[in-house]
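**Q** Any chance you can model this:
(one chain, ligands or ions: 1)
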Amino acid sequence: MSAPTAVRPVAAGPGFGRAFTAHTVSMTWTRETGWTPPVTEPYGPLLIDPAMVGLHYGQVVFEGLKAYRRPDGTVAVFRPGDNARRFAASARRLAMPELPVERFLAAVDQYLRADGDAVPAEPGQSLYLRPIMFATDADLALKPAENYRFILLGFATETFFDPSLPAVSVWAGDRYVRAAPGGTGEAKCAGNYAGALIAQVEAAEHGCQQVLWLDSKERRWVEEMGGMNVFFGYGGSGDFTLVTPPLTGTLLPGLTRASVLTLAADLGYRVEERPLSIEDLRADCESGAITEGFACGTAAVIVPIGTVKRPGGSWVVGTGSSGPVTTALRERLTAVQYGRHPDVHGWMRPVTGGPK
Ligand SMILES: *Cc1c(COP(=O)(O)O)cnc(C)c1O
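**A** Reported below is the predicted structural model:
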């Protein structure tokens, strides 16, 4: 395949969230009329009112999903129906209108009919789709808004598949929390990220690349990373158990997490969704019971966790680099996504009727 034609020129390689494609797909919602039909528009700045509710009170939800180019040249999207359902659940939590699943999928199809050429064919690359919805009322009364805008934009991105992938270091601090029971932790809303950024800065001050979030009440139970779910593996070949914290309402229910649970079982590993305390994480890493750890999410897929650092100590996870099960899971998941392995779970939605 030749260079994508639908990409706006940028200075450097794809990176993340810089090389946006030429179009967006947009819809609006008002209390009286409901959702308008989706329209394809050239990518460009928006004109917004300074009193826009989304800016002031943060009624903003989003999603992240990817389209992959397969060996036969066709394009398929990974689990878009599940993103659609989560988008609706996030909207509900923020007292925003739910976008019906079929409309979400129609917007994805329409976007890819316009800019499907921009799905890269290079190994490890894909097109990241970012649907976002925000309140547009120019009205600062404190109540759920009555006008919303949905926009789907996208950009080409790259994930590195080097099997010797450098593992990330994570900081588990006590100072900040990401989510509390009854809060918005399981909604994919902009505010969760805003509140988490300072912990990312703190992690960097401690020489760590990511934050490992603990629960808000006891600062004891491992929850997730900033934007990715986490797994730790016990044992070795023949007797391996993968553990991930349960969805208590304060974690984001990741689709990569759900897919890893399924694929791990397919590959013959035991999987457990159970609480994991930071003390046990440390003791089990130090004793060698825990042999691997990784984080997973749409953007980076699966990334090994090499070191955990906390006030009062740090420790290595497994060998400190990608373990065999981490590598096997990443291999299987990406093989399904890129169409190199049969899609037995029906996760891929092929795109039809547009550019290749
Ligand atoms: C999006 C997100 C994830 C990962 O979800 P995926 O569906 O796997 O991309 C994990 N944690 C947070 C906080 C997120 O926002």
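**Q** Can you name every helix or strand that the helix or strand where residue 213 lies contacts?
**A** With secondary structure defined by DSSP states H and E, residue 213 is part of strand 210-214. Contact analysis of strand 210-214 by 3 or more CB pairs under 8 Å, 6 or more residues apart in numbering; DSSP states H and E lists strand 168-171, helix 190-205, strand 222-225 as its packing neighbours. Where you see a C-beta, it was placed from the backbone N, CA and C, and this is true even at glycine.
**Q** The longest one relative to strand 210-214, how many degrees between them?
**A** Think helix 190-205. Here helix 190-205 runs at 110 degrees with respect to strand 210-214, directions being taken by axes from the mean of the first three to the mean of the last three CA atoms, to 10 degrees.
**Q** can you give me how far helix 190-205 is from the chain middle?
**A** On the basis of CA atoms, centre = their mean, to the nearest Å, the separation between the geometric centre of helix 190-205 and that of its chain is 16 Å.
**Q** Pull out the buried residues from it.
**A** 190-192, 196, 199-200, 203 (16 or more other CB atoms under 10 Å).
**Q** ok, which stretches of the stretch 1-150 of the chain are helices?
**A** 53-57, 80-93, 101-115 (DSSP state H, counting those that start in this stretch).
**Q** Could you name the stretch from those helices that's closest to residue 44?
**A** In terms of CB to CB, the element of the helices of the stretch 1-150 of the chain nearest to residue 44 is helix 101-115, at 14.0 Å.
**Q** Contacts for that closest one next, please.
**A** In this structure, residues lying in contact with helix 101-115 by CB atoms under 8 Å, 6 or more residues apart in numbering are 6, 21-25, 27, 35, 38, 40, 65, 67, 75, 77, 80-81, 83-85, 87-88, 119, 127, 129, 131, 150, 152, 154, 349, 351-355.
**Q** Can you give me the buried ones in it?
**A** By neighbour count, and taking 16+ other CB under 10 Å as the criterion, the buried residues in helix 101-115 are 101, 103-105, 107-115.
**Q** Please export the C-alpha coordinates of that helix as CSV.
**A** Taking only C-alpha atoms (Å, rounded to 0.1, in the frame of the first residue of the first chain), the coordinates of helix 101-115 have been written out as CSV:
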residue,chain,number,x,y,z
VAL,A,101,-24.9,1.6,20.0
GLU,A,102,-26.0,1.5,16.3
ARG,A,103,-25.4,5.2,15.9
PHE,A,104,-22.0,4.9,17.4
LEU,A,105,-21.2,2.1,15.0
ALA,A,106,-22.6,4.1,12.1
ALA,A,107,-20.3,7.0,13.0
VAL,A,108,-17.3,4.6,13.1
ASP,A,109,-18.3,3.2,9.7
GLN,A,110,-18.9,6.6,8.2
TYR,A,111,-15.5,7.9,9.5
LEU,A,112,-13.7,4.9,8.0
ARG,A,113,-15.5,5.2,4.7
ALA,A,114,-14.0,8.8,4.5
ASP,A,115,-10.6,8.2,5.9
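**Q** Which residues of the stretch 251-356 of the chain lie near the ligand?
**A** When proximity is defined by CB under 6 Å from any ligand atom, the stretch 251-356 of the chain lies next to the ligand at 252, 254-257, 297-298.
**Q** Could you pick out which of those are located in strands?
**A** Here DSSP state E is the test, and these give residue 297 as lying in strands.
**Q** wait, what's in contact with the nearest residue to residue 189 once chain neighbours are set aside?
**A** Once its chain neighbours are removed from consideration, residue 189 has its nearest residue in residue 61; the separation is 5.0 Å (CB to CB, 6 or more residues apart in numbering). If a contact means CB under 8 Å, 6+ apart, then residue 61 has 87, 90-91, 94, 96, 132-134, 187-190 as its contacts.
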